[in-house]
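K.L.:
make a model of this:
(chains A and B)
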Amino acid sequence: MGVEVAVEGLSKSFGAQTIWSDVTLTLPRGEISVLLGPSGTGKSVFLKSLVGLLTPEHGRVVINGVDVCSCSERELYEIRKLFGVLFQDGALFGSMNLYDNIAFPLREHTRSSETEVRNVVLEKMEMVGLIGAETKLPGEISGGMKKRAGLARALVLDPEIILFDEPDSGLDPVRTAYLNQLIVDLNAQTDATFLIVTHDINTARTVPDNIGMLFRRHLAMFGPREVLLTSTEPAVEQFLNGRRQGPIGMSEEKDSGQAAAELAELDDDKGVPEIIPQLEISPGVPRRAAIQRRQDRVMANLQSLDADARQEVLRSLGPRERERYGVSAGDDPVLAEVGQPADESPEKATVQRTESMHGSLSAEQVASLPTDSGQQEHPTEPRPDSPRVGGQRPDEVKPTPAPRREAQSIPEQQSQEDRGSAGARQPGGAHRRSWFGRKSNRGGDQ
Amino acid sequence: MTAPSQAGFPGAGALRETGRLFALALDVLRALPKRPFQIREFIQQCWFLAGVTILPTALVAIPFGAVIALQLGSLTRQLGAQSFTGAASVLAIIQQASPIVTALLIAGAGGSAICADLGSRKIRDEIDAMEVLGVSPIHRLVVPRVLSAMLVAVLLNGMVSVVGVMGGYFFNVIMQGGTPGAYMASFGALAQLSDVWIGEIKALFFGFIAGVVAAYRGLNPPPGPKGVGDAVNQSVVITFLLLFAVNFILTTVYLQLVPPQGM
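P.N.:
Predicted structure coming up:
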């Protein structure tokens, strides 16, 4: 599963206005990539070019050996069956209710019986927390629900490439956190190739394996997350910091002299904020195969990276990976620091948990972790839900210590409310996060 | 539409639009035999189009028939050819009035509804979403709409003919004191069966043109919600112009090819 998308020298303009030119990047198979950029830099246009809705003037988009920009209409429709696309406001069919909307691709492309359709549709609806809203028309639901329904529709055909057009615009922070978690879990389950177009910094910092940025009608950068997150490129830095000082102005771009002056003023304040570890998969979801592949790829190109990025890559390695790639702790001062599990400052704790994602902690590190994290080492084993059911020490038993959600500290009440609205059928408090209720069950059953 | 920069000479934009319109018409024809035929959508659209057009068509057809009857009635009385009133009014209604009334209604009520529907789908990304899901919007949405416009146009044409002739009869016989027998008997004097056929064929063409133009403007609206409104407006105007031109051509060809009924 998962298909590589190779974009070569792509250029698009509307009339005399160049949107972007000479964009070359490769979305690696099965990995999550994010495309950032200030508003109006043609991120959505790029997305539409990938699926052949718009035809770029130059360049190629090669998927499975077929160039989307120049292939025949029949080939294009075949290639599109590999895609799942979440449009900005869901793009649901206004004349159909949610159930029919989500069933639409199945009815068009498969010869499934109505019962099979129903099973798949209900599974996807539960995945995005829309059970109970089947008969609603798209005009009757909120923007967030539309987005989730659009996602469910994009997923029903089990696509190998999933494109998200601003999944987080217009969603509240809690739902965005859920959606991001859903994206990571989906990637682990399906091993599909993901591309998220967004301008949400938090998403960009926590979700992807690779990040790209469009700026000034060019692809400013594309590479492993460590590279962009440690970049000193002014535009990237400004964007990731969300500040006014820098080359990006209110309207497209700024006078370069002014930008330089502002940056000089900012001197002491420069630098990208510290890298936040990627979101982990939810307990019970199989490991992401992409992580290993990406690590191999990044490690192979390690020497070509900046010093900062290199350091971050090395820092993210667990002990087992370090052994695998022949990196010793002595190579880098940061590693020695990470190696000590004793210090329980919150930041260090999250670093440890990142490592646990790879299932490669040493025995003593496992001992120092909260119980449920330890169990992630064997995600496929039947696992009693009991440690999470008790809920006596909510901080410790939180199933996913996603830093983003901790930072926002969702009150318990909120998640109760969410469960109510999503209409999960599980009794009591067994499932704190109803969006993933079914999946964690399934993982446990294996 | 976009791409104004390519316009090299005056009128190039209009030519390009025309080309695209014809391309869409060809696409529709090509998608016609494709399976599975969207029978459900087709029936829904027929029902919808019939719903928005039947009443206005009938209401337009009655006075249309009446006006022709009154006009002809006074004319024929002056000429002393009262017995031919029925024949003349049938000829006028079946050959000319009913395709024109059908065209007006199919373009004004049906085409505008199709255009607005597709246009609002387009700006909500529904059309794009459908394409991305691997479903051709031309096959799924446009073909059933064009076909239903054609079917409804043919049926409407029949209805206008009947209602118009009945209106003519009513005004001629009741209001002007004509003889019912003479009115009915003269039907066959000037009119012939092929007049009905040409009326229906015209209606078929009108339905196709109205459907294709509405779909074309609907699928390519100027940006924004206002764009959809503009597109609807343009679609109605363009359809009117095209329909009257086509009507003129078809009438000319028909009159050349089919000899009039000898008396």
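K.L.:
so where's the chain shaky on pLDDT?
P.N.:
Chain wasn't specified; assuming chain A. In the predicted model, chain A carries pLDDT under 70 at residues A:1, A:251-254, A:263-274, A:326-446.
K.L.:
that was the other one, I meant chain B.
P.N.:
By pLDDT under 70, the weakly predicted segments of chain B are B:1-8, B:261-263.
K.L.:
how about the contacts made by the most centrally placed residue in it?
P.N.:
Computing the C-alpha centroid of chain B and ranking residues by CA atoms, centre = their mean puts B:Ala103 first, at 2.7 Å. Neighbour list for B:Ala103: B:153, B:203, B:206, B:210, B:239-240, B:243-244, B:247 [criterion: CB atoms under 8 Å, 6 or more residues apart in numbering or on different chains]. For glycine as for every other residue, the C-beta is placed from the backbone atoms N, C-alpha and C.
K.L.:
using CSV, list the CA coordinates for stretch B:248-263.
P.N.:
Taking Å, rounded to 0.1, in the frame of the first residue of the first chain, the C-alpha atoms of stretch B:248-263 are listed here in CSV:
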residue,chain,number,x,y,z
PHE,B,248,-35.1,30.2,-38.2
ILE,B,249,-32.7,27.7,-39.8
LEU,B,250,-34.9,24.7,-39.2
THR,B,251,-38.0,26.5,-40.5
THR,B,252,-36.2,27.5,-43.6
VAL,B,253,-34.9,24.1,-44.3
TYR,B,254,-38.3,22.5,-43.6
LEU,B,255,-40.2,24.9,-45.9
GLN,B,256,-37.7,24.1,-48.6
LEU,B,257,-37.7,20.4,-48.2
VAL,B,258,-41.4,19.7,-47.5
PRO,B,259,-43.8,21.1,-50.0
PRO,B,260,-46.8,22.8,-48.5
GLN,B,261,-50.2,21.1,-48.6
GLY,B,262,-51.9,22.0,-51.9
MET,B,263,-55.4,23.3,-51.7
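K.L.:
which positions in that stretch come out as buried?
P.N.:
Using 16 or more other CB atoms under 10 Å in any protein chain shown as the test for burial, stretch B:248-263 gives B:250, B:254.
K.L.:
for it, give me every contacting residue.
P.N.:
B:95-96, B:188-192, B:194, B:198, B:201-202, B:205.
K.L.:
let's see that with 6 Å instead.
P.N.:
Contacts with stretch B:248-263, where a contact means CB atoms under 6 Å, 6 or more residues apart in numbering or on different chains, come from B:190, B:192, B:194, B:198, B:202.
K.L.:
check stretch A:58-72 too.
P.N.:
For stretch A:58-72, the surrounding residues in contact (CB under 6 Å, 6+ apart) are A:3, A:5-11, A:50, A:52, A:55-56, A:75, A:79.
K.L.:
what do you get if the cut-off is 8 Å, keeping everything else the same?
P.N.:
A:3-11, A:21-24, A:49-52, A:55-56, A:75-76, A:79, A:82, A:161.
K.L.:
near chain B too, which of the residues you listed?
P.N.:
Filtering those for neighbours of chain B using CB under 8 Å from any CB of the partner chain leaves A:Val51.
K.L.:
which ones among the contacts of stretch A:58-72 lie within helices?
P.N.:
Cross-referencing the contacts of stretch A:58-72 against helices under DSSP state H gives A:49-50, A:75-76, A:79.
K.L.:
one step back: from the contacts of B:Ala103, which is closest to chain A?
P.N.:
B:Ala210 (21.2 Å; CB to the nearest CB).
K.L.:
that closest one against B:Leu156, yeah?
P.N.:
No: with contacts defined as CB atoms under 8 Å, B:Ala210 does not count as touching B:Leu156, sitting 11.2 Å away.
K.L.:
any common contacting residues for these two?
P.N.:
In contact with both B:Ala210 and B:Leu156: B:Ile106, using CB under 8 Å, 6+ apart.
K.L.:
helices and strands around the longest helix belonging to chain B, which ones?
P.N.:
Secondary structure assigned by DSSP H gives helix B:39-79 as the longest helix of chain B. Packing partners of helix B:39-79 (3 or more CB pairs under 8 Å, 6 or more residues apart in numbering or on different chains; DSSP states H and E): helix B:85-91, helix B:98-105, helix B:112-123, helix B:143-170.
K.L.:
JSON lines for the ones you listed, including distance to A:Lys146?
P.N.:
Converted to JSON lines, the helices and strands packed on helix B:39-79 look like this (distance: least, CB to CB, whole Å):
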{"stretch": "helix B:85-91", "distance to A:Lys146": "56"}
{"stretch": "helix B:98-105", "distance to A:Lys146": "36"}
{"stretch": "helix B:112-123", "distance to A:Lys146": "15"}
{"stretch": "helix B:143-170", "distance to A:Lys146": "25"}
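K.L.:
out of the ones you listed, nearest to A:Val128?
P.N.:
Set against A:Val128 and scored by CB to CB, the helices and strands packed on helix B:39-79 come closest in helix B:112-123, at 22.9 Å.
K.L.:
what's next to the helix or strand following that closest one, contact-wise?
P.N.:
Sequence order places helix B:126-132 as the next helix or strand after helix B:112-123, per DSSP states H and E. Outside helix B:126-132, the residues that touch it by CB under 8 Å, 6+ apart are A:48, A:51, A:53, A:80, A:83, A:85, A:87, A:91-94, A:150, A:153, B:118, B:121-122, B:137, B:140-141, B:219.
K.L.:
what kind of secondary structure is B:Asp195 in?
P.N.:
At B:Asp195 the chain is in helix, as set by DSSP: H, G, I helix; E, B strand; the rest coil.
K.L.:
can you tell me which residues contact it?
P.N.:
B:Asp195 is in contact with B:91, B:94-95, counting by CB under 8 Å, 6+ apart.
K.L.:
one more pass at 6 Å, please.
P.N.:
B:94-95.
K.L.:
same thing with A:Ala133?
P.N.:
Counting by CB under 6 Å, 6+ apart, A:Ala133 has contacts A:Leu98.
K.L.:
next, count neighbours for B:Pro33.
P.N.:
Using other CB atoms under 10 Å in any protein chain shown, B:Pro33 is surrounded by 8 other residues.
K.L.:
hang on, it is in a helix, isn't it?
P.N.:
No: B:Pro33 sits outside any helix when classified using three-state DSSP, being coil.
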